[in-house]
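Just a sequence and a predicted model for now, questions to come.
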Amino acid sequence: MVQTTTDEQGLIERLRQRDTEAYHAAVQRFSGSMLATARSMLDPATAEDVVQETWVTVVDAIDGFEGRSALKTWLCTITANRARNRLRRSKRETLTDFQAPLDPALESRFNEGGSWIQPTRPWGSESADDLLSNEALKACLEKHFEALPETQRAVLMMRDIQQMESDEVCRILGLSGSNLRVTLHRARQKLFTMIEGFRETGEC
């Protein structure tokens, strides 16, 4: 851990010195996380544009980096802010859906704190790998994931797919811990409910 911190501090200093090799190293190291952050809110092409724009600003913005978070968190936060700006310009709702009422079909499964009252039914002998080997289900999952509100999609991407820590996700998206928990519950519940329906009917 100490070595990792020291390596990052060295990289930051080299970026501040406008070291081209350090810049390329940072792009290779962090672009994947930044793209995943942008992709959780935007379409693929726009997400790539936002990440490229973010890297352009990093050249000068790195001088103002105070080290209050990890470099990756700082970069993903800038990326998320730029993605939100793109959404605002397109007049789409952004990062407020945790305050909206639940869908009627899901409301009875949550208590006021956002925790499940009625969990999803067991998947029997099927493992997650068995379920995901079903190409039709994978396509259905992708469809429903893309249809999630921006906050839910972003939180699910960062926590469950990228395995980011909760505190890191809260900093990047500007959410409180309670809002994060509620949003993640809702996103997971929607996808699990879709899987239940698929298993019962074979339809997306």
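Now that the structure is in, tell me what you want to look at.

all contacts plus neighbour counts: C-alpha atoms, from now on.
Noted.

for the helix of greatest length in the chain, packing partners?
As assigned by DSSP state H, the longest helix anywhere in the chain is helix 177-201. Judged by 3 or more CA pairs under 8 Å, 6 or more residues apart in numbering; DSSP states H and E, the packing partners of helix 177-201 are helix 135-147, helix 150-156, helix 166-173.

quick one, which of the ones you listed is packed in tightest?
Across the helices and strands packed on helix 177-201, the average number of neighbours (mean count of other CA atoms under 10 Å) peaks for helix 150-156, which reaches a mean of 25.

Now it - C-alpha only, CSV.
Extracted C-alpha coordinates of helix 150-156, given in CSV (Å, rounded to 0.1, in the frame of the first residue of the first chain):
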residue,chain,number,x,y,z
GLU,A,150,-28.6,7.6,-14.9
THR,A,151,-27.9,7.4,-11.1
GLN,A,152,-28.9,3.7,-10.8
ARG,A,153,-26.9,2.7,-13.9
ALA,A,154,-23.8,4.7,-12.6
VAL,A,155,-24.0,3.2,-9.1
LEU,A,156,-24.5,-0.3,-10.3
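
Could you name the helices and strands sitting against it?
When contacts are defined as 3+ CA pairs under 8 Å, 6+ apart, helix 150-156 packs onto helix 177-201.

which parts of the helix it packs on are buried?
Residues of helix 177-201 classed as buried: 179-196, 198 (neighbour count, 16 or more other CA atoms under 10 Å).

sorry, back to before: of the helices and strands packed on helix 177-201, which shows the lowest average pLDDT?
For the helices and strands packed on helix 177-201, mean pLDDT drops lowest on helix 135-147, to a mean of 80.

my guess is Thr79 contacts Val51, does it?
Yes. Assessed by CA atoms under 8 Å, Thr79 is found in contact with Val51 at 6.3 Å.

shaky segments in this protein?
Residue ranges of the chain with pLDDT under 70: 1-5, 91-134.

at 50 instead, please
1-3, 93-96, 98-99, 121-125, 127-128 (pLDDT under 50).

how does it divide up, domain by domain?
What automatic domain parsing lists as the domains of the chain is 2-89, 97-201.

you'd agree Arg14 is in a helix?
Yes. Per DSSP: H, G, I helix; E, B strand; the rest coil, Arg14 lies within a helix segment.

List the residues that contact it.
Contact partners of Arg14, counting by CA atoms under 8 Å, 6 or more residues apart in numbering, are Ala22.
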